[in-house]
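Trainee: fold the stuff below for me.
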Amino acid sequence: MAQNTRDAYRTVLRMTGPLLPVVSFFGRLPVAMIQFGSVLLVTETSGSLATGGIVACALALGQVTLGPFVGRLADRRGQRPVVLAFSLLNALAITAYTLGAVADLPTPALVVLGVLAGATIPGIGPLARARVVPLVRAKGGDDRLASTVLSLESTMDELSFVLGPALVGLASVAGRPAYAFGLAALLVACCGTAFALHPTGRTTGAATDAPVTDPTVTDASVRARGGRPRLPRSVYVVRVGLLFLGVLLGACGAGITALTEELGQPGQAGLVYAAMGVMSAVVGLSMAAVPERFGLLARWRVATAAATLLSLPLVWADSLMGLYVVVTLFGAIYAPNLITGFALTERAVPTRRLAEGMTFAASAFVGGQAVTLAVAGRLAESYGAGAAFALGSAAAAVAFVVALIARHETPRQEPGEGGTPYDAPPPATAPAQPPRVAVTPDAAAP
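Mentor: Residues are numbered from 1 along each chain as shown. Model (predicted):
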């Protein structure tokens, strides 16, 4: 099993080229740095955890509001020009936001700058999924290789949420959290540009070149259909589940920040958060070994149930060592939830809306965090860290209920598009050739 998993990862890296995962990882790192670091930066400069939560909420809401638009634009225009423009804009916005926080501008001004910093995020994480999954399928990859891609991408997300908060935490311990934001601006400018200009960025936008497997469907008929294909109801159910998982993570972030402050060690918050991310990344890599017969809906239900149970001990954590232990164990459930959520989305969303679907899924998750950062910050200030953690546990329970009521639904595909049901068993006969997408000959070259 382990050998098969390693072979799957090698195959994916061979298809994408070694450079793409590197620039993709460092390009998404600034998101983790500014999302978590906003609470620490603004709390330090303003002296109020509630203000830090409000500004961080504004930043996340900016990302949530414009994130799906970025994905839709990438579907229509291609990723290269979209990612290039937003990477440079985001670098400028992060710089302005950091200078505003250091200058201790009034809260309304920081909220505006936070919204701009969030709204210009190029969405490299979800767009990398939307880029690599069709590329792997076009080169003959099956559902298992597509799942391996999603496991790798989610692991990079988790590693970014390890390194990002750790860098912010180290800068905070040194008394200069703003330094981490300067690094974030530099990374998004350089690595975002590299991601945009990578040869795989020349993959044709799905909105104009939908994969066609039905010989009766011509390019002219695809274009003649005009409007976007509709989404199945199951896509919206998954988004609701991801929304509440975002609430869970946002509440945990506020609780960790509050508890470390109560214990007189606020600089430890980023490192505690990183400990959770390390465990999540390790588990995320192992998800590629999960057999296909363990269907996606079943995985989702198990993962949300585990999130509910493992979040409960956080409510009673009252020491730094205890917090490290509980948070590390809790980290084991995050990657399975995210990987499964994105896998359910990839299986159900029509190919011509894949980038939009991935960014919308990510925005649902971030949206849950955004609302919670403001609410949980005030809860923690008024009632202690346990109240913020309790809010997270309640959100995990709701996510579990959403997963329980979810039902299998055959994806609504446009004519000529293929689809695999959530819990469909492996085919007894040799599978048909996977749909092809328009990829340039050197698309996998580094």
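Trainee: residue contacts, residue 402?
Mentor: Neighbour list for residue 402: 237, 240-241, 244, 304 [criterion: Cβ atoms under 8 Å, 6 or more residues apart in numbering]. Every C-beta, even on glycine, is put in place using the N, C-alpha and C of the backbone.
Trainee: same question for residue 269.
Mentor: 40, 165, 169, 172, 256-257, 260-261.
Trainee: quick one on the thing from earlier: what about the contacts of residue 402, which are in helices?
Mentor: If you go by DSSP state H, those have 237, 240-241, 244, 304 in helices.
Trainee: of the residues you listed, which is the nearest to residue 19?
Mentor: residue 241 (33.7 Å; Cβ to Cβ).
Trainee: which residue packs closest to the closest one, ignoring adjacent ones?
Mentor: residue 402 (4.4 Å; Cβ to Cβ, 6 or more residues apart in numbering).
Trainee: contacting residues for the spatially most central residue of the chain?
Mentor: The centroid of the chain falls nearest to residue 362 when counting by Cα atoms, centre = their mean (4.8 Å). Shown in contact with residue 362 (Cβ under 8 Å, 6+ apart): 67, 123, 125-126.
Trainee: same thing but at 10 Å, please
Mentor: Going by Cβ atoms under 10 Å, 6 or more residues apart in numbering, residue 362 touches 31, 63-64, 67-68, 71, 121, 123, 125-127, 129, 157, 242, 246, 338, 341-342, 345.
Trainee: what about it, distance to residue 338?
Mentor: Plainly put, residue 362 is 9 Å away from residue 338 if you go by Cβ to Cβ, to the nearest Å.
Trainee: quick one: common contacting residues for these two?
Mentor: 157, 242.
Trainee: for the stretch 201-350 of the chain, which segments count as helices?
Mentor: 219-224, 233-262, 269-286, 296-311, 320-330, 334-348 (DSSP state H, counting those that start in this stretch).
Trainee: out of those helices, flag the one nearest residue 201.
Mentor: Nearest of the helices of the stretch 201-350 of the chain (Cβ to Cβ): helix 334-348, 19.5 Å.
Trainee: which element follows that closest one toward the C-terminus?
Mentor: helix 354-383 (DSSP states H and E).
Trainee: just the buried positions in that following helix, please.
Mentor: 354-381 (16 or more other Cβ atoms under 10 Å).
Trainee: ok, stretch 80-99 next?
Mentor: 80, 82-91, 93-95, 97-98.
Trainee: try stretch 379-395
Mentor: Quick answer for stretch 379-395 (16+ other Cβ under 10 Å): 379-381, 384-395.
Trainee: gap between it and the chain center?
Mentor: For stretch 379-395, the gap between its own C-alpha mean and the chain's C-alpha mean amounts to 23 Å (Cα atoms, centre = their mean, to the nearest Å).
Trainee: model confidence over it, on average?
Mentor: Mean pLDDT, stretch 379-395: 89.
Trainee: what about the stretch 51-200 of the chain, any weak spots by pLDDT?
Mentor: By pLDDT under 70, the weakly predicted segments of the stretch 51-200 of the chain are 162, 175.
Trainee: residue ranges for the strands of it, please.
Mentor: Secondary structure of the stretch 51-200 of the chain (DSSP state E, counting those that start in this stretch): no strands present.
Trainee: endpoints of stretch 281-298, how far apart?
Mentor: Counting by Cα to Cα, to the nearest Å, you get 21 Å between the two ends of stretch 281-298.
Trainee: list the buried ones in that stretch?
Mentor: Of the residues in stretch 281-298, those buried (16+ other Cβ under 10 Å) are 281, 283-285, 287-288, 290, 295-297.
Trainee: picking up where we left off before, as CSV, the helices of the stretch 201-350 of the chain with mean pLDDT and distance to residue 147 would be great.
Mentor: Shown next, in CSV, are the helices of the stretch 201-350 of the chain (pLDDT from 0 to 100; distance: least, Cβ to Cβ, whole Å):
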stretch, mean pLDDT, distance to residue 147
helix 219-224, 40, 28
helix 233-262, 88, 15
helix 269-286, 80, 12
helix 296-311, 91, 9
helix 320-330, 90, 24
helix 334-348, 83, 6
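Trainee: please identify which of those is closest to residue 17.
Mentor: Across those, closest to residue 17 is helix 269-286 (Cβ to Cβ), at 19.7 Å.
Trainee: from the middle of its chain, how far away would that closest one be?
Mentor: Computed by Cα atoms, centre = their mean, the chain-centroid distance of helix 269-286 equals 14 Å.
Trainee: start the count at 17 instead of 1 going forward.
Mentor: From this message on, residue numbering opens at 17, which makes the last subject helix 285-302.
Trainee: now stretch 349-366 - C-alpha only, CSV.
Mentor: The C-alpha atoms that make up stretch 349-366 are tabulated as CSV, following Å, rounded to 0.1, in the frame of the first residue of the first chain:
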residue,chain,number,x,y,z
ILE,A,349,-8.9,15.5,11.4
TYR,A,350,-8.5,18.7,9.4
ALA,A,351,-6.8,17.4,6.2
PRO,A,352,-9.4,14.5,5.8
ASN,A,353,-12.2,17.1,6.0
LEU,A,354,-10.7,19.5,3.5
ILE,A,355,-9.5,16.8,1.0
THR,A,356,-12.8,15.1,1.0
GLY,A,357,-14.7,18.4,0.6
PHE,A,358,-12.6,19.4,-2.4
ALA,A,359,-12.9,15.8,-3.8
LEU,A,360,-16.7,15.9,-3.6
THR,A,361,-16.6,19.3,-5.4
GLU,A,362,-14.3,18.1,-8.1
ARG,A,363,-16.5,15.0,-8.8
ALA,A,364,-19.7,17.0,-9.0
VAL,A,365,-18.8,20.4,-10.7
PRO,A,366,-19.0,20.5,-14.5
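Trainee: which parts of that stretch are buried?
Mentor: Buried-residue list, stretch 349-366, by 16+ other Cβ under 10 Å: 349-366.
Trainee: repeat for stretch 323-343
Mentor: Going by neighbour count (16+ other Cβ under 10 Å), the buried part of stretch 323-343 is 323-324, 326-331, 333, 336, 339-340, 342-343.
Trainee: stretch 61-72 too?
Mentor: 61-62, 65-72.
Trainee: who's in contact with residue 421?
Mentor: 253, 256.
Trainee: tell me how far it lies from residue 310.
Mentor: 20 Å.
Trainee: please apply the same query to residue 114.
Mentor: As judged by Cβ to Cβ, residue 114 and residue 310 stand 45 Å apart.
Trainee: isn't residue 156 up against residue 31?
Mentor: Yes: between residue 156 and residue 31 there is a contact under Cβ atoms under 10 Å: 9.0 Å.
Trainee: which one's more surrounded, the two?
Mentor: Taking neighbours as other Cβ atoms under 10 Å, residue 156 and residue 31 compare with residue 31 leading, 21 against 12.
Trainee: fine by me, thanks again.
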